[in-house]
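Chemist: predicted model and sequence below, questions to follow.
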2 protein chains.
Amino acid sequence: MPPQRGTAKTVAYEDLKRAILTLERKPGSALEETELCDRYGLSRTPLREVLQQLSGEGYVSLQLNRGARVSDMSHYTLRDFFLAAPLIYSAILRLAAQNASAQQIVELKAAQEDFRAAMASGDVTARALTNDRFHRITGLMAGNSYLLASLDRLLIDHTRIGMTFFRKKAGTTDDRLSLACQQHDEMIAAIEQGDDERAAELALEHWALSRDQIELFVMPAGLEAPLGQPPKLKSA
Amino acid sequence: MPPQRGTAKTVAYEDLKRAILTLERKPGSALEETELCDRYGLSRTPLREVLQQLSGEGYVSLQLNRGARVSDMSHYTLRDFFLAAPLIYSAILRLAAQNASAQQIVELKAAQEDFRAAMASGDVTARALTNDRFHRITGLMAGNSYLLASLDRLLIDHTRIGMTFFRKKAGTTDDRLSLACQQHDEMIAAIEQGDDERAAELALEHWALSRDQIELFVMPAGLEAPLGQPPKLKSA
DNA sequence: TGTATTCATGATGTATACAAATCAGTCAAC
DNA sequence: GTTGACTGATTTGTATACATCATGAATACA
């Protein structure tokens, strides 16, 4: 649903999404129209249309006479996230294995190469964005517009959470990252073979890894919490 | 994510949604800005913002320099619909049973009364819209913004499809409608008791009923087609 | 000193005017 | 008869000006 707009508007749309996903624009922070107009060289009319669009897609929230803010992330959203992610990710990957076109598989492999490069580079932003791109391509492969709506919203917050814990340079992080990379490779293989069961299984394994990373980051070290009941997190 | 706008804009937003859901605006039909401006008494600037918002929510699709159209419904969307609906509906109702507030249950009961009245009246539009409202309330009860995104999109098309087959006055329709009404009552009971298993089960039963109705309408009578592989449907 | 009100400032919401692109119809050429 | 390009009219995209609302500092008062 990206607007295939003329350049200036497209740039604003894409760059705002990038800035939100990478936490360059912090959750809950205000988006002033005049600032954005100056930055992207647009007048307020088209810029406001971009904000409306982003609002409909869940990147920003609008309040009457109070402008736009980057969508918030509270402990509530995190709880919702833990519930919805395994359901949607496994469904998407199952469908991706059933429906992926040859062209899409080429794109996914290219995305995976970029992801691998980002892992090697250590660039946090690049890691988060290339991972985001990988999973969005699987969403397109699934080709189900209804489920894609949920996936898109999950990925907004998954990528933002990813930026948060990627920033932490824990000792265990690198092992987990290389495992994530390996899982991506296995996903590609399963999709290429049309093995939908395996693809769905991999989605759950991949999610379990993410979940552990998130929990590690969110929880004070050494504090145990029951699975499926994520600890409360103060909003930023 | 509805805009809490000043009256004129809100009216346009709500009425366009209503008109799209009830097929008063046909899938794929053009939405001319000047016509809508005259109708709702707005200038083009705020009206275009409404269209952008509706685009982000899946009601309309925008094309550069070619204006807005009501979102299309092809046999592809119908196929996607059959795949996503049971997954999302059961997940939503399970969560609704776990999380519904007392206030929300009151609202759901009120919606069900309106639905029952619409069934008695025979007003096709009222039936479709009150049914839509019932299920959107269950979505709010679930309180999961990620899954809600999918539910909202499913309901757009479910309501539109409902308008299509409600219009047909088949002999069997009334029995099925009263069963649907009864299932709503059972859903309320399950939610009120916090019986999430039963609620999810009811969601699937309710979906099976809808699915049969849709297949009855879509298929030429007497023509069998395998379940899960809906027949091709020409777009309007 | 603390609280409430006022008013100036700045931001958002809307309308209008203008620029650019699409579409329909005609006409000419093949 | 069909195809192609041209032109006028309509529609969409953008910029600017104005109206309305929120915010916060300054002042008056208890």
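Modeler: The structure has been received and is ready for your questions.

Chemist: can you report how many residues lie near the nearest residue to residue A:51 once chain neighbours are set aside?
Modeler: Once flanking residues are discounted, residue A:51 sits nearest to residue A:68: 4.7 Å by CB to CB, 6 or more residues apart in numbering or on different chains. Backbone N, C-alpha and C define where each C-beta goes, glycine included. Residue A:68: 24 surrounding residues under other CB atoms under 10 Å in any protein chain shown.

Chemist: which SS class is residue A:68?
Modeler: Following DSSP: H, G, I helix; E, B strand; the rest coil, we place residue A:68 in the strand state.

Chemist: what does chain A put close to DNA strand C?
Modeler: A:30-34, A:44-45, A:48, A:62, A:64-68 (CB under 7 Å from any atom of the strand).

Chemist: flag every buried residue along stretch A:8-23.
Modeler: A:9-13, A:16-17, A:19-23 (16 or more other CB atoms under 10 Å in any protein chain shown).

Chemist: which SSE is immediately downstream of the helix of greatest length in chain A?
Modeler: If you go by DSSP state H, chain A has its longest helix at helix A:75-99. Where DSSP states H and E defines the elements, the next helix or strand beyond helix A:75-99 is helix A:102-121.

Chemist: quickly check: that following helix near chain B or not.
Modeler: No: Helix A:102-121 does not reach chain B (CB under 8 Å from any CB of the partner chain); its nearest approach is 15.7 Å.

Chemist: domains in chain A, by residue range?
Modeler: With domains defined by automatic domain parsing, chain A comprises A:7-70, A:75-218.

Chemist: closest to the centroid, which residue in chain A?
Modeler: Residue closest to the mean C-alpha point of chain A, counted by CA atoms, centre = their mean, is residue A:155 at 2.7 Å.

Chemist: re the thing from before, which of the buried residues of stretch A:8-23 sits closest to residue A:125?
Modeler: For the buried residues of stretch A:8-23, the residue nearest residue A:125 by CB to CB is residue A:22; the value is 4.9 Å.

Chemist: separation between the residue of chain A found nearest DNA strand D and residue A:63?
Modeler: Proximity of chain A to DNA strand D (CB to the nearest atom of the strand) peaks at residue A:43, 3.2 Å away. The spacing between residue A:43 and residue A:63, counted by CB to CB, to the nearest Å, is 22 Å.

Chemist: quick check: residue A:70 touching residue A:31?
Modeler: Yes: checked against CB atoms under 8 Å, the pair residue A:70 and residue A:31 is within contact range at 6.6 Å.

Chemist: overlap in contacts of these two?
Modeler: Residues touching both residue A:70 and residue A:31 (CB atoms under 8 Å, 6 or more residues apart in numbering or on different chains): A:25, A:60.

Chemist: apart from its neighbours in sequence, what residue is nearest the residue of chain A found nearest chain B?
Modeler: Nearest residue of chain A to chain B (CB to the nearest CB) works out as residue A:56 at 1.6 Å. Excluding the flanking residues, the one nearest residue A:56 by CB to CB, 6+ apart is residue B:56, at 1.6 Å.

Chemist: pLDDT score for the one you found?
Modeler: At residue B:56, the pLDDT value in this model is 94.

Chemist: just checking, it touches residue A:50?
Modeler: No: Residue B:56 is beyond contact range of residue A:50, at 10.5 Å (criterion: CB under 8 Å).

Chemist: of those two, who's got more company?
Modeler: Taking other CB under 10 Å, residue B:56 and residue A:50 do not tie; residue A:50 has more neighbours (27 against 21).

Chemist: part of a helix, is the more buried one?
Modeler: Yes: using three-state DSSP, the secondary structure at residue A:50 is a helix.

Chemist: residue B:70 versus residue A:103, what's the distance?
Modeler: According to CB to CB, residue A:103 stands 29 Å off from residue B:70.

Chemist: mind checking which of those two has more residues around it?
Modeler: The neighbour comparison of residue A:103 against residue B:70 (other CB under 10 Å) goes to residue B:70, with 23 against 8.

Chemist: show the contacting residues for that one.
Modeler: With contact taken as CB under 8 Å, 6+ apart, residue B:70 is in contact with B:20, B:25-29, B:31, B:59-60.

Chemist: so which of the residues you listed belong to helices?
Modeler: Those of the contacts of residue B:70 lying in helices (DSSP H): residue B:20.

Chemist: in chain A, which residue sits closest to DNA strand C?
Modeler: residue A:67 (3.1 Å).

Chemist: beta partners of the closest residue in space to that residue that isn't next to it in sequence?
Modeler: Distances taken as CB to CB, 6+ apart place residue A:30 nearest to residue A:67, at 6.2 Å, with adjacent residues excluded. For residue A:30, the beta-bridge partners are residue A:69 (DSSP bridges).

Chemist: report how many residues lie close to residue A:30.
Modeler: Residues lying near residue A:30 (other CB under 10 Å) number 12.

Chemist: write out the residues of chain A neighbouring chain B.
Modeler: Selection of chain A residues close to chain B by CB under 8 Å from any CB yields A:1, A:3-6, A:45, A:48-49, A:52-58, A:61-64, A:77, A:80-81, A:83-85, A:87-88, A:91, A:95, A:143-147, A:149-150, A:152-154, A:157.

Chemist: keeping just the C-alphas, turn stretch A:105-112 into CSV.
Modeler: This file holds the C-alpha atoms of stretch A:105-112, laid out as CSV (Å, rounded to 0.1, in the frame of the first residue of the first chain):
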residue,chain,number,x,y,z
ILE,A,105,12.6,-16.2,-4.1
VAL,A,106,15.3,-14.4,-6.0
GLU,A,107,14.4,-11.2,-4.1
LEU,A,108,14.4,-13.1,-0.8
LYS,A,109,17.8,-14.5,-1.4
ALA,A,110,19.1,-11.0,-2.3
ALA,A,111,17.6,-9.7,1.0
GLN,A,112,19.3,-12.5,2.9
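
Chemist: what is the rounded mean pLDDT of it?
Modeler: Stretch A:105-112 shows an average pLDDT of 98 in the prediction.

Chemist: can you pull the buried residues of that stretch?
Modeler: For stretch A:105-112, the neighbour count (16+ other CB under 10 Å) marks A:105, A:107-109, A:111-112 as buried.

Chemist: what's the residue of chain A closest to chain B in contact with, if anything?
Modeler: Listed by CB under 8 Å, 6+ apart, the contact set of residue A:56 reads B:1, B:52-57.

Chemist: just the buried residues of stretch A:8-23: which are in helices?
Modeler: Within the buried residues of stretch A:8-23, residues falling in helices by DSSP H are A:9-13, A:16-17, A:19-21.

Chemist: of all these, which two lie farthest apart?
Modeler: The distance between the two most remote of those (CB to CB) is 18.8 Å, for A:9 and A:21.

Chemist: tabulate the buried residues of stretch A:8-23 (a markdown table), appending distance to residue B:184 and pLDDT.
Modeler: Output for the buried residues of stretch A:8-23, formatted as a markdown table (distance: CB to CB, whole Å; pLDDT from 0 to 100):
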| residue | distance to residue B:184 | pLDDT |
| --- | --- | --- |
| A:9 | 44 | 95 |
| A:10 | 45 | 95 |
| A:11 | 48 | 96 |
| A:12 | 45 | 97 |
| A:13 | 41 | 97 |
| A:16 | 41 | 98 |
| A:17 | 39 | 97 |
| A:19 | 44 | 97 |
| A:20 | 39 | 98 |
| A:21 | 40 | 97 |
| A:22 | 44 | 96 |
| A:23 | 43 | 96 |
